[in-house]
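Asks: make a model of this:
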Amino acid sequence: MPEWALPIDPALRRLLVEALAAERDSDWLLAASHYQAALQLQPDDHRLECNAANALWLADRPEEAMAGFRRAVELAPQEPLPWRGLGNAARDNNRFGSAVRAYRRSSAQGDDPLTDWNLSQVLLGLGRYREAFRQAERRLFVAGLEPFYQGPGWDGSTASMQRAQAEGIPLHVWSEQGFGDTLQFLRWLKPLTASLPDGGPGVVLLVEPPLVPLLKQGLGWLDGTFAVRAKGDGPGLPLGWEQHHISLQSLPHRLNQGHWVHPRQCGIGPWLRLGPRTSHEQLQRPSGPPRVGILWAAGRKLTDGFTRREYQKRSLSPNALGRLVEGLRASGAEVVALQHGPDRDQIAPWRHHLAGELAADADFLATALLLDQLELVITVDTAMAHLAGCLAQPAWVLLPWSADPRWLRQRSDSPWYPSLRLFRQPRSGDWDTAIGAVLNAFRTPT
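Replies: Residues are numbered from 1 along each chain as shown. Coordinates of the predicted model:
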């Protein structure tokens, strides 16, 4: 809630206090109702209108939120926050063009890196990749963000690269945000390593520890000297060369390679190639019924209202999970559970239907090796979708109605990953129809 002095009116003060308490409990519908009641007492306050709309947005009510933000904009067209809220709600109504216009109006009223970052995501959804990646650089200036390496990084210049490489200093490329984002942006390591001087120290990729074994093996095909290291493991940048680093997600902009989205555009197959394995590692897909891996819950990030909402709307309900398992079994599949973390226990009522489960302590390499035994993966929007896509593993991705813009709109395929097929909710919260489409497609393969 924007800061303002508590009003004298006791009834209004009570409603605001109750709204704040509901926000702390993540009870967004209750918070919205308190703000709406407060608007009855103070109807021309755009801050109350904006707060009510934001609570509805976090409650995954984007249509109602959009109407509220429009009213806030009408009350205070010179204020940036209502316009940004309108852009957020438009994005979640799959109205990406309207979202772009709202974000630009917000930026015109007041510069804010968060608005520019939000804009970059809908530009991705519109396929305007070069513009999106340029705009996305503003995320590094969002208040509260703490990049792995502070300060300015490599600007993409050849002279800077050649000087550092001549002195034996590798370029440090570091991951940011989630596992899925890291996997998605691996494709830009190919043009990066291909541009380095021959015989130089190359690139050090710094990632979260669970990714290290997978990337060491899966990226061994890259040109030049290339190393993968866990963040915090080993020496950092030499004194005086603090600028010889870059975020993995900044590569497409710095390399001017925004068109390297589709693998077919750059003549490269899977981004991760596990290659030949030793005899004790070699996994053979057994003959018999098709083995299908399923993953039903997105990353459990509950630190703020937005990430909590994303976890809830991307994850299957218990009824949807049960229907998926039972439907696959009735169609002759052997079902393998791929879920990590505390949500893996949600399969308990259907565990007797499973043909196997991913080990609770499996890292990404162990997960990738298990995928090699499966004919198909069915997953919600989480890192598993990106892992399957990087491996060129056939996978079906279940998407909420207001899906992340990276999956574009109204498409059943993805330019990022040719091996994926997308199944979308036809309306907010309707997993039943989406699961029905998946089961029908499984029974009648094309």
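Asks: ok, the residue lying closest to residue 37 once chain neighbours are set aside - contacts?
Replies: With sequence-adjacent residues excluded and distances taken as Cβ to Cβ, 6 or more residues apart in numbering, residue 37 is closest to residue 15, at 5.3 Å. C-beta: built from backbone N, CA, C; applies to glycine. For residue 15, the contact set (Cβ atoms under 8 Å, 6 or more residues apart in numbering) comprises 34, 35, 37, 38, 41.
Asks: which strand or helix spans residue 15?
Replies: Assessed by DSSP states H and E, residue 15 sits inside helix 10-24.
Asks: in that helix, which residues are buried?
Replies: For helix 10-24, the neighbour count (16 or more other Cβ atoms under 10 Å) marks 12, 15, 16, 18, 19, 22, 23 as buried.
Asks: please, where are all the strands along the stretch 101-250 of the chain?
Replies: Using DSSP state E, counting those that start in this stretch, the strands of the stretch 101-250 of the chain run over 171-174, 203-207, 226-230, 245-247.
Asks: what's the per-residue pLDDT of the residue nearest to residue 37 here?
Replies: Here the pLDDT value assigned to residue 15 is 95.
Asks: you'd agree residue 298 is up against residue 385?
Replies: No. The criterion here is Cβ atoms under 8 Å, and residue 298 misses it with residue 385 at 9.8 Å.
Asks: just to revisit the earlier point, neighbour-wise, which one of the contacts of residue 15 leads?
Replies: Tallying neighbours with other Cβ atoms under 10 Å puts residue 35 at the head of the contacts of residue 15, with 28 neighbours.
Asks: quick check: which ranges of the chain have low pLDDT?
Replies: 1-8, 239, 258-269, 276-287, 446 (pLDDT under 70).
Asks: okay, and the beta partners of residue 205?
Replies: Applying DSSP bridges to residue 205 gives these bridge partners: residue 173, residue 228.
Asks: that one and residue 38: what is the separation?
Replies: Residue 205 sits 51 Å away from residue 38, going by Cβ to Cβ, to the nearest Å.
Asks: buried sites along the helix or strand containing residue 69?
Replies: Assigned by DSSP H and E, residue 69 belongs to helix 62-75. Buried residues in helix 62-75, counted by 16+ other Cβ under 10 Å: 62, 64, 65, 66, 68, 69, 70, 71, 72, 73, 75.
Asks: hang on, the earlier thing: turn the strands of the stretch 101-250 of the chain into CSV, columns for mean neighbour count.
Replies: Output for those, formatted as CSV (neighbours: other Cβ atoms under 10 Å):
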stretch, mean neighbour count
strand 171-174, 23
strand 203-207, 22
strand 226-230, 17
strand 245-247, 23
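Asks: closest to residue 437 out of the ones you listed?
Replies: strand 203-207 (34.8 Å; Cβ to Cβ).
Asks: packing partners for the closest one?
Replies: Strand 203-207 sits against strand 171-174, helix 189-194, strand 226-230, with contacts defined as 3 or more Cβ pairs under 8 Å, 6 or more residues apart in numbering; DSSP states H and E.
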